[in-house]
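In: got a structure for you, letters missing:
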């Protein structure tokens, strides 16, 4: 891998991890076009890119994350001292509990898939190959549909009582069902091309949440999910040996740094675009890219080779 390849993929990861266009789908597209091997050292590179975007979200939300950490330990203290009361929870304590509930559905990813010998997570990831490139296109189209529905629901929700002049709509307080629905949707976002931030944001909007509340919850909920993914994928990558990793150490570090910087800027951009009702940009973009990938995939399935690199589909 060259430094230029690393920078390109760092930019792609940083932008698409937080913008609702699917980081996994765009990394797959980028690697497919560049003809980069998806295994071995490059798997470790993908892990480091995720760590870069983790740094970005922690840096952007550091004040909120610190408040939630303190709220978590405060909840533990309340439970042990018998002072815990659901109806008297502060906003931060409620957010902590909603994040914990939202993470519970991730257990579904480890359910065995009958007849395959694989867990659901591994089964879904088996489609992340050039042979099933068309899956990325289909999932990008699904992302476009979800974003459209979520945007329509947000516009039709009753305006907030204290913000009628600004046009803000939806609830700012989450409930258990909100967290469960968004958590389940996040599980489906393991499919390459189905945006995690886009699908969970849309789920929150469909539930009647204020769009900024839904977006903040999406990013906070994604933090432990990114950590878990990095640990699991990191373990798999390291089992492949260190030789390729050592050879690519400089591009890996460059890619991680680029993904962190671009990721931070992407979060700020996304929040502004959502606030100014410009989600149509992502709705149209994911639809166009999805259709393009499907067309390319059909051509490749007929020829049996990668249209860009000429390598056989595997």
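Out: Perfect, thanks for sending it. Note that this is a predicted model, so its numbers are computed, not measured.

In: how about the helices in this structure?
Out: For the chain, helices defined by DSSP state H occupy the ranges 3-18, 23-34, 41-60, 62-81, 91-103, 120-125, 133-156, 176-188, 196-206, 211-238, 243-247, 249-275, 280-303.

In: got JSON lines for the ones you listed, with mean pLDDT too?
Out: Converted to JSON lines, the helices of the chain look like this (pLDDT from 0 to 100):
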{"stretch": "helix 3-18", "mean pLDDT": "88"}
{"stretch": "helix 23-34", "mean pLDDT": "84"}
{"stretch": "helix 41-60", "mean pLDDT": "83"}
{"stretch": "helix 62-81", "mean pLDDT": "94"}
{"stretch": "helix 91-103", "mean pLDDT": "94"}
{"stretch": "helix 120-125", "mean pLDDT": "82"}
{"stretch": "helix 133-156", "mean pLDDT": "93"}
{"stretch": "helix 176-188", "mean pLDDT": "94"}
{"stretch": "helix 196-206", "mean pLDDT": "94"}
{"stretch": "helix 211-238", "mean pLDDT": "82"}
{"stretch": "helix 243-247", "mean pLDDT": "59"}
{"stretch": "helix 249-275", "mean pLDDT": "92"}
{"stretch": "helix 280-303", "mean pLDDT": "95"}
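
In: and residue 111, which of these is closest to it?
Out: Closest approach to residue 111 among the helices of the chain (Cβ to Cβ): helix 120-125, 5.1 Å. Just so you know, the C-beta spots here come from the backbone N, C-alpha and C atoms, and that holds for glycine as well.

In: which strands and helices sit next to that closest one?
Out: strand 112-113 (3 or more Cβ pairs under 8 Å, 6 or more residues apart in numbering; DSSP states H and E).

In: strand partners of the strand it packs on, parallel vs antiparallel please.
Out: strand 118-119 (antiparallel) (DSSP bridges).

In: these two touch, right, residue 150 and residue 203?
Out: Yes - with contacts counted by Cβ atoms under 8 Å, residue 150 reaches residue 203, the gap being 7.4 Å.

In: Please enumerate the shared neighbours of the two.
Out: Common contacts of residue 150 and residue 203 (Cβ atoms under 8 Å, 6 or more residues apart in numbering): none found.

In: which one of the helices of the chain is the most hemmed in?
Out: helix 196-206 (a mean of 27; mean count of other Cβ atoms under 10 Å).

In: what angle sits between that helix and helix 133-156?
Out: Angle of helix 196-206 versus helix 133-156, following axes from the mean of the first three to the mean of the last three Cα atoms, to 10 degrees, is 30 degrees.

In: Which secondary structure elements does helix 196-206 sit against?
Out: Using 3+ Cβ pairs under 8 Å, 6+ apart, the elements in contact with helix 196-206 are helix 133-156, helix 176-188, helix 211-238.

In: quick one: which of those helices is nearest residue 117?
Out: helix 211-238 (16.3 Å).

In: Can I get the helices and strands packed on helix 196-206 in CSV including distance to residue 113?
Out: Output for these, formatted as CSV (distance: least, Cβ to Cβ, whole Å):
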stretch, distance to residue 113
helix 133-156, 16
helix 176-188, 14
helix 211-238, 17
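
In: Isn't residue 225 up against residue 106?
Out: Yes - judged on Cβ under 8 Å, residue 225 makes contact with residue 106 at a distance of 6.8 Å.

In: Assess the claim that residue 173 and residue 94 are in contact.
Out: Yes - applying Cβ under 8 Å, one finds residue 173 in contact with residue 94, separated by 7.1 Å.

In: hmm, back to that, and the helices of the chain: which comes nearest residue 110?
Out: Closest to residue 110 of the helices of the chain, according to Cβ to Cβ: helix 120-125, at 6.4 Å.

In: what's next to that closest one, contact-wise?
Out: Contacts of helix 120-125 (Cβ under 8 Å, 6+ apart): 108, 109, 110, 111, 112, 113, 116, 190, 191, 232.

In: Setting aside sequence neighbours, what's the nearest residue to the residue minimising distance to the centre of the chain?
Out: Closest residue to the average C-alpha location of the chain: residue 196 at 3.5 Å, with Cα atoms, centre = their mean. Among residues not flanking residue 196 along the chain, residue 189 sits closest, at 3.8 Å (Cβ to Cβ, 6 or more residues apart in numbering).

In: what about the one you found, neighbour count?
Out: Around residue 189 there are 23 other residues, counting by other Cβ atoms under 10 Å.

In: Contacts only, for it.
Out: 195, 196, 199, 200.

In: okay, now the nearest residue to the first one once chain neighbours are set aside: neighbour count?
Out: In space, and not counting its chain neighbours, residue 195 is closest to residue 22: 4.1 Å by Cβ to Cβ, 6+ apart. A count of nearby residues for residue 22, using other Cβ under 10 Å, gives 30.

In: Pretty sure the residue nearest to the centre of the chain sits against residue 187.
Out: No - assessed by Cβ under 8 Å, residue 196 is found out of contact with residue 187, at 9.8 Å.
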